[in-house]
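>>> Next come a sequence and a model predicted from it.
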Amino acid sequence: MVYETFLKTVKQSMKERLGPDFTLILQPITKNNGLILHGLCIGKEDERAAPTIYLNHFYESYQKGRPLNAILDDIMALYQSSPLPDDLPIEEFLSQEQIMEKVIFRLINEPANRELLKEVPHINYPQLDLSIIFYISFQKDEDSLLTALIHNRHQKAWNRSTEELSLAAITNTPRLFPARIRSLPEAIKDIVKKSSEDEINEDTLEEFFDDSPLSPPMYVLSNSSGINGAGCLLYEGILKDFASCSGSDLIILPSSIHEVLIIPYNEDISFDELAETVFSINQEEVPEEDRLSNHIYFYSRSSGKLTIAFTSSAPIGTKNP
């Protein structure tokens, strides 16, 4: 079954399962780095919003031999287990009084998102090949993250300039999503703890890790939620303070849109080797929509500026079904 037929078949089959009270819509959705996902939007007349279930990975499962009925069962289970909040704050997205306190920014790759950037207010950082785009955050706690991308039509309706959105986001984002810097071993331990279904005893966890310091030392910069934390690079004073504490300039490796790696600079470090490592990890380990850049960045203590230290010729790029 070809991809387009699969999408139509899933929609019709889910419609039959859910019944006449439900409205199902197939729609392509452009994600980060130009990746196009196809979502099945499932709504009811009495609901003010509708969840979207992305079907791309379900098609991959189908191609690998998973029966269609089993896939439909999976989609139904996902829909039933992911209800929208009962108190979805739609009014906040429409209220001029509320929105400016909830505007935040996220960092993305500029060349890979030029089509998206035509549709949304943004600020380019050409010296970094990066841009920031703006969202409304409906966050209540770190376990409940709900955001909405601000498009040009929203900006026009609110009569807000890009500069106004930027000033609000620069204030709100660090407040709502504070920065966090940890050593790489600490970050890995936290990931292992969170991903484990069973509680891991601290002593048991230590047995799996070598306490010898990394050479060179590496640190992970992200936000408190660990989601879209690469924007912490732009938080006021974050790199300046860390460079001052480490007593050196800084090398920044853009590991993903969720975090970056920081390495205190020394003359023995090879930018060529680091760039090759970043490119290899991006291609093999990081999902396309989570990639930030293949470049290496450098923070100078003396100038206080963040610039590209090594330029990769390889674009972020995407592939779609």
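Sure, I can see it.

>>> CA only for contacts and neighbour counts going forward, please
OK.

>>> moving C-terminal of the helix or strand of the chain with the lowest mean pLDDT, what's the next helix or strand?
The weakest-scoring helix or strand in the chain, judged by mean pLDDT, DSSP states H and E, is helix 202-207 (a mean of 53). Note on helix 202-207: by DSSP states H and E, the next helix or strand toward the C-terminus is strand 219-223.

>>> list the helices and strands that next one packs on?
Counting contacts by 3 or more C-alpha pairs under 8 Å, 6 or more residues apart in numbering; DSSP states H and E, strand 219-223 packs against strand 179-183, helix 184-195, strand 260-264.

>>> how near is Pro51 to Ile238?
From Pro51 over to Ile238 the distance is 36 Å, taken as C-alpha to C-alpha, to the nearest Å.

>>> just Gly226 next, same as before
In terms of C-alpha to C-alpha, Gly226 sits 16 Å off from Ile238.

>>> got any ranges where the stretch 101-250 of the chain has weak pLDDT?
Within the stretch 101-250 of the chain, the ranges that satisfy pLDDT under 70 run 139-144, 190-215.

>>> again, 90 this time
Applying pLDDT under 90 to the stretch 101-250 of the chain flags residues 101, 126-127, 137-148, 157, 183-217, 224-225.

>>> the helices in it, which residues?
114-117, 152-158, 162-176, 184-195, 202-207, 238-246 (DSSP state H, counting those that start in this stretch).

>>> what's the closest of these to Thr23?
helix 152-158 (25.4 Å; C-alpha to C-alpha).

>>> Distance from the closest one to the middle of the chain?
Chain-centre distance of helix 152-158: 23 Å, with C-alpha atoms, centre = their mean, to the nearest Å.

>>> Alpha carbons of that helix, as PDB, please.
Provided in PDB are the C-alpha atoms of helix 152-158 (Å, rounded to 0.1, in the frame of the first residue of the first chain):
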ATOM      1  CA  ASN A 152       2.100  36.300  11.200                       C
ATOM      2  CA  ARG A 153      -1.700  36.300  11.300                       C
ATOM      3  CA  HIS A 154      -1.600  36.300  15.100                       C
ATOM      4  CA  GLN A 155       0.900  39.100  15.200                       C
ATOM      5  CA  LYS A 156      -1.200  41.200  12.900                       C
ATOM      6  CA  ALA A 157      -4.400  40.500  14.900                       C
ATOM      7  CA  TRP A 158      -2.600  41.500  18.200                       C
END
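
>>> buried stuff in that helix?
Asn152 (16 or more other C-alpha atoms under 10 Å).

>>> Over to stretch 248-268?
248-265.
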